[in-house]
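Undergrad: Sharing a model prediction with you, sequence too.
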Amino acid sequence: MKRFVFVAILITSIASFILLRFDSQSEQGLLNAIFTKNTEKSTLVKSGTEEAQHASTEEAAEESTVDTKNTAANEEQVSQPNQSAAITGSFIICIDPGHQEKANLEQEPFAPGASQTKYKVTGGTTGVSTNKPEYVLNLEASQILKTILEKKGFQVIMTRTSHTVNLSNLERAEIANRAGADLFIRLHADGSENTSTKGFSILVPAKDSPYTKTIYDDSYQAANFVLAHISKEIPIHQGGIFQRSDMTGFNWSRVPVILPEIGFMSNPEEDQKLSDAKYLTNLMELMAAGIEEYALSKQR
Ligand SMILES: [Zn+2]
């Protein structure tokens, strides 16, 4: 009898040991699955950075910060189910704040397979009255736009979040491509020799360019939505939308792309306005409203 009790206890112990192991393994399996998913997500953003051959380690660190913020934005959507956010949550926007602290005047092919080359990235213009470099204004505006878009529920990826990067226009387009962006926004400000020239405009890829045929329609539509909102309050430069076939950042883009020129830094009055936080925020609100309308039209 004693022997029977001993065997029974032994069997029960072995059985619970096996059950316990199985349980912890399945929990581990679940953890592994979650971990793999997260890793995949950071790889997506990182791969864009790797594309930028000259990108500093600082830039790589910034990219991981951006990734964390994106996750935070996703969590916000879950806790705040508003209809608009639910629709736009899967919509990825890549913002490229134009230029950088130091121009890179090495050459790169201006389109896939083309022998014609252009500068990797130029210096941009400077505020005639503020003396602010364009790359500074472009990042200020981009960061405001990013915040507004994230509040609306969009996923936002930035090509740069500091001035000390070395990213060519080709590399910037590749970041948008690799992220699978639904819209690529190259944010710039204008300059002219004529100091009285002013107003907002948007550059889009050319309809008849062999490199941008497939992205022209969507790019033009996005530009139209943005212009419709901006023109309610901001003066528009000439017709407002200009097609360009000579831009590296357009020709290498495989996703719809627009280049808003948010105003002329060569016009003293407009230059001052663009450095006014209230004016710039309002301008970015209007731009975001146009982007939202475009996104909704695509998801209908
Ligand atoms: Zn520019």
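TA: Thanks, I have it. These numbers come from a predicted model, not from an experiment.

Undergrad: The closest residue to the ion within the stretch 151-300 of the chain and residue 141: what is the separation?
TA: Going by C-beta to the ion, the ion is nearest to residue 188 of the stretch 151-300 of the chain, at 3.5 Å. No exception for glycine: its C-beta is placed from N, CA and C like everyone else's. Per C-beta to C-beta, to the nearest Å, residue 188 is found 9 Å from residue 141.

Undergrad: what touches both of these two?
TA: residue 262 (C-beta atoms under 8 Å, 6 or more residues apart in numbering).

Undergrad: Can you pull up the residues of the protein that come close to the ion?
TA: 98, 124, 188 (C-beta under 5 Å from the ion).

Undergrad: Quick one, which of those residues are buried?
TA: 98, 124, 188 (16 or more other C-beta atoms under 10 Å).

Undergrad: Next, the contact list for residue 228, please.
TA: Contacts of residue 228 (C-beta under 8 Å, 6+ apart): 290, 293.

Undergrad: Can I get the host helix or strand of it in PDB? Just the C-alpha atoms.
TA: Secondary-structure element containing residue 228, defined by DSSP states H and E: helix 213-230. Provided in PDB are the C-alpha atoms of helix 213-230 (Å, rounded to 0.1, in the frame of the first residue of the first chain):
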ATOM      1  CA  LYS A 213       4.000  57.800 -64.600                       C
ATOM      2  CA  THR A 214       2.600  55.500 -61.900                       C
ATOM      3  CA  ILE A 215       2.600  58.000 -59.100                       C
ATOM      4  CA  TYR A 216       1.500  61.200 -61.000                       C
ATOM      5  CA  ASP A 217      -2.300  60.800 -60.500                       C
ATOM      6  CA  ASP A 218      -2.200  60.300 -56.700                       C
ATOM      7  CA  SER A 219       0.500  62.900 -56.200                       C
ATOM      8  CA  TYR A 220      -1.500  65.500 -58.200                       C
ATOM      9  CA  GLN A 221      -4.700  64.600 -56.200                       C
ATOM     10  CA  ALA A 222      -2.900  65.000 -52.900                       C
ATOM     11  CA  ALA A 223      -1.500  68.400 -54.000                       C
ATOM     12  CA  ASN A 224      -5.000  69.500 -55.100                       C
ATOM     13  CA  PHE A 225      -6.500  68.700 -51.700                       C
ATOM     14  CA  VAL A 226      -3.700  70.500 -49.900                       C
ATOM     15  CA  LEU A 227      -3.900  73.500 -52.100                       C
ATOM     16  CA  ALA A 228      -7.700  73.700 -51.700                       C
ATOM     17  CA  HIS A 229      -7.300  74.100 -47.900                       C
ATOM     18  CA  ILE A 230      -4.300  76.400 -47.900                       C
END
